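Asker: Sequence first, predicted model second:
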Amino acid sequence: MSLEVVNAGFLALVQDFGRYGLQKYGITNGGPLDEHAYLWANHLLGNHYNASQIEISFGGFSCRFTKKTMIAVCGADLSATLNGQPLGLWQSHYVKSGDELKFVSPKSGLRSYLAVKGGFQIETQLTSCATVVREKLGGLSKTGEKLSDNDCLPFHESKEELNKRVPKKYIPAYGHKINLRFIANQSVTGCKAEVLKQFIGQPFKVTPNIDRMGYRLSGEPIVNKQAGIISQGLALGAIQLPKDGQPIVLMRDRQTMGGYPQLGCVAYLDIPLLAQSMPGTEVSFSSVAISDIEEELRRYKRFFGVNV
């Protein structure tokens, strides 16, 4: 035993960086919805970027450690406490056997990432232990199930004591208004200029209909005379426009193919902001060219050592 789940809360999932190269077989990526928080939690502990963590959504989660180790919690403020005392986010902490960690409810953001030194030792399935509930893949059970009370997640004991913090400039604020950069789809499966103009010219609201597959937005319906398209592969961040004119932004557990016209794709580095947005958050979009953001993404991947 290493980490014992006392209360699994609303939704706690084992996640590593995800499955890559399998979309042609109908298997989605999975992995952390807020990649920024996930990568920083591993970085603080000197872990490989793919080291597995627990993604805790909405709070209600508590656990007990049965070995010494270092931990880091990054992402949403879910009112976390360690042995009843407030736990600082975006920094490393030393824990010992018997220590209890609790996440109550969101103050800002929706999802926290709990990392341990060396990562949790979870058996992989199709190259990854990432939990995808819809596909019944990964996780502790290898059947895509969320964590349950009394589950035990093994990790290697560590007596190393670190004191690291994420620099303030890299800690996002999860506000009630966000702007997302996106690359317009100018292919035959995209939307015409007048449709894109409607899309860019208005704000939307995040609806309660959000999950790891996609975020549904609401606003003035976008009029698009184009019907469906021949189904095509779907990228992380793809913005679909169904017949009701209300956009859907596709996330980590998205389906691999889709036949709705696409307005474009959210910039990769902006997806974590949407992943932490509560229902009611106002979302606006700004069009950018790939050349405007590709160097930023290259620097980001180099810093964290990501090679996929």
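Answerer: Received the coordinates, thanks.

Asker: Quick one: find the helix or strand in the chain with the lowest mean pLDDT.
Answerer: strand 232-233 (a mean of 86; mean pLDDT, DSSP states H and E).

Asker: right, and the helix or strand after that strand?
Answerer: The C-terminal neighbour of strand 232-233 among helices and strands, as given by DSSP states H and E, is strand 238-240.

Asker: Any chance you could list what contacts that following strand?
Answerer: Strand 238-240 has contacts (CB atoms under 8 Å, 6 or more residues apart in numbering) with 182, 214, 234, 247-250, 254, 258, 260-266. Yep, even glycine has a C-beta here, placed from its N, CA and C like the rest.

Asker: just how off-centre is it within its chain?
Answerer: The chain centre lies 17 Å from the centre of strand 238-240; the measure is CA atoms, centre = their mean, to the nearest Å.

Asker: Could you do stretch 299-308 as well?
Answerer: Relative to its parent chain, stretch 299-308 has a centroid offset of 17 Å by CA atoms, centre = their mean.

Asker: Could you report the neighbour count for the nearest residue to residue 3 once chain neighbours are set aside?
Answerer: Leaving aside its chain neighbours, residue 3 sits nearest to residue 153 (4.5 Å; criterion: CB to CB, 6 or more residues apart in numbering). Neighbour count of residue 153, defined by other CB atoms under 10 Å: 21.

Asker: Please name the residues that touch the residue nearest the centre of the chain.
Answerer: Centrality entry for the chain: nearest residue to the mean C-alpha point is residue 33, 1.0 Å, by CA atoms, centre = their mean. Applying CB under 8 Å, 6+ apart, we find residue 33 in contact with 55, 111, 212, 251, 252, 271, 272, 275.

Asker: Name all residues that make contact with the spatially closest residue to it that is not a sequence neighbour.
Answerer: Distance criterion CB to CB, 6+ apart; nearest residue to residue 33, sequence neighbours excluded, is residue 275 at 3.9 Å. By CB under 8 Å, 6+ apart, the contact list for residue 275 reads 33, 34, 110, 111, 251.

Asker: Could you rerun that using 7 Å?
Answerer: Residues near residue 275 by CB atoms under 7 Å, 6 or more residues apart in numbering: 33, 34, 111, 251.

Asker: same check, this time on residue 71
Answerer: 93, 95, 114, 115, 116.

Asker: Mind checking what helix or strand follows the host helix or strand of it in sequence?
Answerer: Element membership of residue 71, judged by DSSP H and E, is strand 69-77. With elements assigned by DSSP H and E, the helix or strand that comes after strand 69-77 is strand 81-82.

Asker: Can you tell me the strand partners of that next one and which way each runs?
Answerer: Neighbouring strands of strand 81-82 in its sheet, by DSSP bridges, are strand 85-86 (antiparallel), strand 100-103 (antiparallel).

Asker: Comparing those, which stretch has the densest surroundings?
Answerer: Burial of those is given as mean neighbour count (mean count of other CB atoms under 10 Å); strand 100-103 ranks first at a mean of 22.

Asker: ok, back up a step: tell me which helix or strand the residue nearest to the centre of the chain sits in.
Answerer: For residue 33, there is no enclosing helix or strand under DSSP H and E.

Asker: can you check residue 292 too?
Answerer: Per DSSP H and E: residue 292 is located in helix 290-304.

Asker: related to what we said a few turns ago, which one of the strands paired with strand 81-82 lies closest to residue 169?
Answerer: Among those, the nearest to residue 169 by CB to CB is strand 85-86 (22.9 Å).

Asker: Can you show me the helices along the stretch 101-250 of the chain?
Answerer: In the stretch 101-250 of the chain, the segments counted as helices under DSSP state H, counting those that start in this stretch are 193-200.

Asker: what stretches of the protein score poorly on pLDDT?
Answerer: Confidence mapping of the chain against pLDDT under 70 gives the ranges 1, 227-228.

Asker: what do you get if the cut-off is 90, keeping everything else the same?
Answerer: In the predicted model of the chain, residues 1, 159-163, 185-193, 195, 201, 223-233, 258-260, 308 satisfy pLDDT under 90.

Asker: Tell me which residues are up against stretch 41-56.
Answerer: Contacts for stretch 41-56 (CB under 7 Å, 6+ apart): 9, 12-17, 32-33, 38-39, 70, 72-74, 78, 91-92, 103, 111-115, 117-120, 122, 129, 162, 164, 166, 304-306.
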